[in-house]
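[1] heads up, no residue letters with this:
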């Protein structure tokens, strides 16, 4: 079982794009504001918000109870201003309802696997170390990566690898996995890595990075339903953002960034029917984009924190109340 012994969260975690995030959210972090961290992790971004804005209340959400334990220790000096929730971020509405909060002035999401989860070898997220094929962000969740490998048929495995790993050799890998599991079920990462090395052509391995990278990403996303959860979470988060409130999102791969980009762009677009000479107030954009495209880390951050290389930051501000749902004729 994973424990929280050893170095504290502050020693194990370098928050990605911390200053840009704080700059974007800072204008709304006034005394009395509610800030929701929907992916608390080890609490680096949350700690900075609480330290710089003494009157802000934090709602801290994470699906990983072990990460919550680490963050509680890190955020102990601010305990009277923090409410913790063991939940997935698509449950943000229920969490806020349970706390009697109608809307939040600020929201932040740092998507994907956390440094804590990658560094805990026994969690099975990292292909560089032999470990049980687990990959659950919530250790109490029912499905592990081994379950996926040992029970999905070849077609489903191919789909997972193609959609979530964008793996060119998905069909070949799926066929090899199905063949190998007939010999013995998959249990540890080292055996899977061996199968991947044998399945992916040598020329692609020389130019495409580690042969396990895409497969491990795909399995992790499938096990934790990451994209499905985010597709539900983002609209609910935007719905619960106060007028004038701001939301910032860090994405580490194109699939989750695409979801974010589309949702924010849709909210920032007028729905006034074509041909009308003026924009109707009820069709005005709900959001104002705060980043031009996606912001990326600067050279200094890349040098200090190599894990930030793929990150994209997007942010938006709510400019008016949520649109009322359209009525359908009966």
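    Ah, there it is. Computed from a predicted structure; not experimentally measured.
[2] wait, doesn't residue 90 sit right on residue 232?
    Yes. With contact defined as C-beta atoms under 8 Å, residue 90 counts as touching residue 232 (3.9 Å). To be clear about C-beta, it is placed using only N, CA and C from the backbone, and glycine gets the same treatment.
[3] roughly how far apart are the spatially most central residue of the chain and residue 252?
    Using C-alpha atoms, centre = their mean, the residue of the chain that lies closest to the mean C-alpha position is residue 111, 1.7 Å off. Taking C-beta to C-beta, to the nearest Å as the measure, residue 111 and residue 252 are separated by 6 Å.
[4] what's the answer for residue 170, then?
    In this view, residue 170 and residue 252 are 21 Å apart by C-beta to C-beta.
[5] and the two? which has more neighbours close in?
    Neighbour totals were compared for residue 170 and residue 252, and residue 170 leads with 22 against 19 (other C-beta atoms under 10 Å).
[6] what ranges of the protein fall below the confidence cut-off?
    Of all residues in the chain, those with pLDDT under 70 make up the ranges 1-13, 115-116, 118-119, 121, 208, 324-330.
[7] what residue of it is the furthest out?
    No residue in the chain has its C-alpha farther from the mean C-alpha position than residue 277, which lies at 40.9 Å (C-alpha atoms, centre = their mean).
[8] residues touching that one, list them.
    Taking C-beta atoms under 8 Å, 6 or more residues apart in numbering as the criterion, residue 277 is in contact with no other residue.
[9] How about the one 3 residues further on?
    The neighbourhood of residue 280, defined by C-beta under 8 Å, 6+ apart, consists of residue 272.
[10] Walking through the stretch 201-330 of the chain, point out its strands one by one.
    Per DSSP state E, counting those that start in this stretch, the stretch 201-330 of the chain has strands spanning 241-251, 287-289, 312-318. These are given in chain order.
[11] If we ignore the residues flanking it in sequence, what's nearest residue 157?
    Counting by C-beta to C-beta, 6 or more residues apart in numbering, the nearest residue to residue 157 once its immediate chain neighbours are dropped is residue 174, at 3.7 Å.
[12] Any buried residues in the helix or strand containing that neighbour, and which?
    Taking DSSP states H and E as the definition, one finds residue 174 inside helix 170-183. Residues 170-174, 176-178, 180-181 are the ones in helix 170-183 that count as buried (16 or more other C-beta atoms under 10 Å).
[13] Now the residue nearest to the centre of the chain. Its backbone dihedrals?
    phi -80, psi 160 (degrees, to the nearest 10).
[14] measure it to residue 89 for me?
    Residue 111 sits at a distance of 9 Å from residue 89 (criterion: C-beta to C-beta).
[15] intersection of neighbour lists for these two?
    Residues touching both residue 111 and residue 89 (C-beta under 8 Å, 6+ apart): 39, 230.
[16] number of nearby residues for residue 240?
    Neighbour tally, residue 240, other C-beta under 10 Å: 23.
[17] Give the closest residue to it in space, chain neighbours not counted.
    Using C-beta to C-beta, 6+ apart and skipping the chain neighbours, the partner closest in space to residue 240 is residue 103 (5.3 Å).
[18] For the residue nearest to the centre of the chain, give me its contacts.
    Residues in contact with residue 111 (C-beta under 8 Å, 6+ apart) are 39, 226, 230, 249-252, 256.
[19] Tell me the most packed of the residues you listed, by neighbour count.
    The member of the contacts of residue 111 surrounded by the most neighbours (other C-beta under 10 Å) is residue 249, with 29 neighbours in all.
[20] Quick check: the gap between that one and residue 35.
    As defined by C-beta to C-beta, residue 249 lies at a distance of 14 Å from residue 35.
[21] what helix or strand is residue 95 on?
    Counting by DSSP H and E, residue 95 is part of helix 92-98.
[22] Around the residue nearest to residue 240, count how many other residues there are.
    By the criterion of other C-beta under 10 Å, residue 103 has 18 neighbours.
[23] How far does stretch 25-32 sit from its chain's centre?
    For stretch 25-32, the separation from the chain centroid amounts to 23 Å (computed by C-alpha atoms, centre = their mean, to the nearest Å).
[24] Stretch 69-81 now?
    On the basis of C-alpha atoms, centre = their mean, stretch 69-81 sits 21 Å off its chain's mean C-alpha point.
[25] So what would you say the end-to-end distance of it is?
    Distance across stretch 69-81, first residue to last, is 16 Å (C-alpha to C-alpha, to the nearest Å).
[26] try stretch 304-318
    End-to-end distance of stretch 304-318: 33 Å, with C-alpha to C-alpha as the criterion.
[27] repeat for stretch 76-83
    Separation of the first and last residues of stretch 76-83 by C-alpha to C-alpha is 12 Å.
[28] What lies in contact with that stretch?
    Defining contact as C-beta under 8 Å, 6+ apart, one finds that stretch 76-83 is touched by 46-47, 50-51, 56-60, 72, 75, 99.
[29] Please compute how far it lies from its chain's middle.
    The offset between the C-alpha centroid of stretch 76-83 and the centroid of the whole chain comes to 23 Å, using C-alpha atoms, centre = their mean.
[30] need the helices for the stretch 51-200 of the chain, in chain order.
    With helices called from DSSP state H, counting those that start in this stretch, the stretch 51-200 of the chain shows them at 65-74, 92-98, 115-119, 145-151, 154-165, 170-183, 189-199.
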